[in-house]
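**Student:** A structural model of the following input is requested.
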Amino acid sequence: MTGRRGHPARTDRARWPASAVPRPPAPVRRDWADLAQPTPEPGLFEPAMADHLPEPVRRWLRHAIGKGVPLHGAARLRMHGRIRLGSWWPFEATQILRPPTGFIWAAKARVAHLPVAGFDRYSGGDGQMRWRLLGALPVMSAGGPDITRSAAGRLASEFVLVPATALSPFVTWEPVDGERAVAHVAIGGSVHAVTLTVAPSGALTTVTLPRWGDPGRGPFGEHRFGVVVHREADFGGCTVPASLSAGWWYGTDRWPEGEFIRFQVDHYEHF
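**Tutor:** Residues are numbered from 1 along each chain as shown. Here you go, the predicted structure:
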């Protein structure tokens, strides 16, 4: 599937992206290749497949997936934007995403004019963050139950980037009103309550959930996490968010300090 600037060749999809941090651990490269495998025998979307879902979800899916488009369960994205690490700094990233199995987000940023590269992941049932300055000096290396739980929450919120997964058994739906519905997303033995807000046009406008984390370097706990969709784009019959901002404490007076990433999707391939 092709965006405005094209997409990575299918033969390259399972390879660790050359633009990301070099020399990742071998298990991470294997997880990337596993997440990049094509969906076996995907069906084709028919609008009637959404008939049983809450009205906002029907509207969203019929807007997001064209009639006859394959129901692929994974995607690869390339993006650029700004991330807040004290101040706002530019970054580029490539992500492989297969809900509910996992994701790997491999990125490079310029922090105070110095290169920082690394990855966040949820794969093989656990989460990890590993970031290095100048390709060698550790900046952050974290794992364990808290990181895993937070990464699973991120994956739960990002299922909307692979719209066909809304029809999968790991997602069940609860209606709220004419604009909102809650997706109960099962990942890693836990269920995450993800609220989608959908415009009358069918466009997705916000995604929110209680997500485990330690914003502000406080103790880990559940905090309101939000994603705002500013613009969508059609990539090969699949309409997904293409300009987004995200962070902690969405909808509260702490959102200005909690927002930590703003980005544009440049390439998108679902498979």
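**Student:** Let me see the backbone angles for residue 30.
**Tutor:** phi -70, psi -40 (degrees, to the nearest 10).
**Student:** measure residue 53 to residue 173 for me?
**Tutor:** Residue 53 sits 6 Å away from residue 173, taking Cβ to Cβ, to the nearest Å as the criterion. In this view, the C-beta of every residue, glycine as well, is placed from N, C-alpha and C.
**Student:** Neighbour count for these two, which is higher?
**Tutor:** Neighbour tally, residue 53 and residue 173, criterion other Cβ atoms under 10 Å: the higher count belongs to residue 53, 19 against 15.
**Student:** Would you agree residue 42 is in contact with residue 74?
**Tutor:** No: under the criterion of Cβ atoms under 8 Å, residue 42 makes no contact with residue 74, lying 10.0 Å away.
**Student:** Tell me which of these two has more neighbours.
**Tutor:** Ranked by neighbour count (other Cβ under 10 Å), residue 42 and residue 74 place residue 74 first, with 23 against 15.
**Student:** quick check: longest strand of the chain.
**Tutor:** With secondary structure taken from DSSP state E, the chain has its longest strand at strand 221-235.
**Student:** That one - what's its average pLDDT?
**Tutor:** The average pLDDT within strand 221-235 is 98.
**Student:** what's next to whichever helix or strand comes after it, contact-wise?
**Tutor:** Counting by DSSP states H and E, the next helix or strand C-terminal to strand 221-235 is strand 238-248. Strand 238-248 is contacted from outside by 1, 63-66, 69, 72, 75, 160-161, 163, 204, 211, 213, 215, 223-233, 254-255, 258-265, 268, 270, using Cβ atoms under 8 Å, 6 or more residues apart in numbering.
**Student:** Just the ones of the residues you listed in strands?
**Tutor:** Using DSSP E, those in strands are 75, 204, 211, 213, 223-233, 259-265, 268, 270.
**Student:** From those, list the buried ones, please.
**Tutor:** 75, 204, 211, 213, 223-229, 232-233, 259, 261-263, 265, 268, 270 (16 or more other Cβ atoms under 10 Å).
**Student:** In the chain, what helix or strand scores lowest on average pLDDT?
**Tutor:** strand 137-143 (a mean of 80; mean pLDDT, DSSP states H and E).
**Student:** so where do the helices sit in the stretch 1-150 of the chain?
**Tutor:** Applying DSSP state H, counting those that start in this stretch to the stretch 1-150 of the chain gives helices spanning 26-35, 55-64, 145-157.
**Student:** Show me what the first one is packed against.
**Tutor:** To tie it back to what came earlier, the one meant is helix 26-35. strand 87-98, strand 102-111, strand 114-123 (3 or more Cβ pairs under 8 Å, 6 or more residues apart in numbering; DSSP states H and E).
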